[in-house]
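no sequence on this one, just coordinates:
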């Protein structure tokens, strides 16, 4: 039993490391501002309402006002899992490397892309600011598109700090090639360098594969005929996303449970081999009063 616990911890540590290194949306985890709901499948997000100014009276003083704090309840919908198996002989001959590599590869190629794709599609569906018509970009139009996005968010009074842009590799390339994507070094005429490739006008840029940048996805259950492979695919009506600009306080990514279970070949009652089971219970939420904190630019 001790050996099983030790091996399970090794695999969990590896999975955590892979998730941190490869996830494009872990930056939106906002669990510190959420609390558990009345039911196990719920979380609650704070919603504050503040009254505006009133007239001041020399006789009665200030107009009374209230700050109202309520908790909006959301239900988690993503309860996903998979069991991996390696034959006893194969794993022994590889000195347990096969199982560890299989678990890491599973996280890198299956778990992380799915979580990213789900969260991105969810944010796209909740975006309060959307551009789609004639939205095929190029290196000559991408700067204007970003500036239009910034203006739209500014006009909607979205806070300027903590904005993050999820961009496809194509859009990232266009930004780096755009004529306007250079700046003067220390104000000296004639000396130019490429602008910080990880930032545009204070907005952090995160490059995300196009295969995770869809407005909607279809999830496979891993069991039904035709869905055995599990994971996700682009939904039939979905559009490709060019970029999303998100104010981090507008979204609440939460992982309520993520657990791994290792069963050695000696303990496995079903097959003669090592089994690794992984489950993650998660979701991402956007309160109705924060939808303008998401700007969606997608292909027409």
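Structure's in. What do you need? Model, not experiment: these values are computed from the prediction.

List the contacts of residue 159.
With contacts defined as C-beta atoms under 8 Å, 6 or more residues apart in numbering, residue 159 is in contact with 247, 249. Bear in mind the C-beta positions are built from the backbone N, C-alpha and C, glycine included.

Residue 25 too?
Residue 25 makes contact with 115, 116, 119, 120, 166, 253, 284 under the criterion C-beta under 8 Å, 6+ apart.

Just the residues you listed: which are in helices?
Of the contacts of residue 25, the ones assigned to helices by DSSP state H are 115, 116, 119, 120.

my guess is the first one meets residue 282, correct?
Yes - between residue 115 and residue 282 a contact is recorded at 6.7 Å, counting by C-beta atoms under 8 Å.

Between the two, tell me which one has more neighbours.
With neighbours defined as other C-beta atoms under 10 Å, residue 115 and residue 282 compare such that residue 115 has more, 24 against 19.

I'd say residue 172 and residue 207 touch.
Yes - assessed by C-beta under 8 Å, residue 172 is found in contact with residue 207 at 4.8 Å.

contacting residues for the residue sitting furthest away from the middle of the chain?
Going by C-alpha atoms, centre = their mean, the residue of the chain most distant from its centre is residue 59, 53.7 Å out. Counting by C-beta under 8 Å, 6+ apart, residue 59 makes contact with nothing.

now do residue 158
247, 250, 292, 293.

So which residues of the stretch 151-300 of the chain form strands?
Under the criterion DSSP state E, counting those that start in this stretch, the stretch 151-300 of the chain contains strands at 163-167, 182-184, 192-194, 199-200, 203-207, 217-219, 232-234, 241-247, 252-263, 273-285, 294-298.

where among these is the average confidence lowest?
Between the strands of the stretch 151-300 of the chain, the one with the least mean pLDDT is strand 192-194; it has a mean of 42.

now, which of the ones in helices among the contacts of residue 25 sits nearest residue 275?
residue 115 (22.6 Å; C-beta to C-beta).

what sits against the closest one?
Contacts of residue 115 (C-beta under 8 Å, 6+ apart): 23, 25, 280, 282.

now the end-to-end length of stretch 212-230.
End-to-end span of stretch 212-230 (C-alpha to C-alpha, to the nearest Å): 15 Å.

Could you report the separation of residue 143 from residue 58?
For residue 143, the distance to residue 58 equals 54 Å [C-beta to C-beta, to the nearest Å].

Those two: which has the busier surroundings?
For residue 143 versus residue 58, neighbours defined as other C-beta under 10 Å are more numerous around residue 143 (18 against 5).

Kind regards, and thank you for your time.
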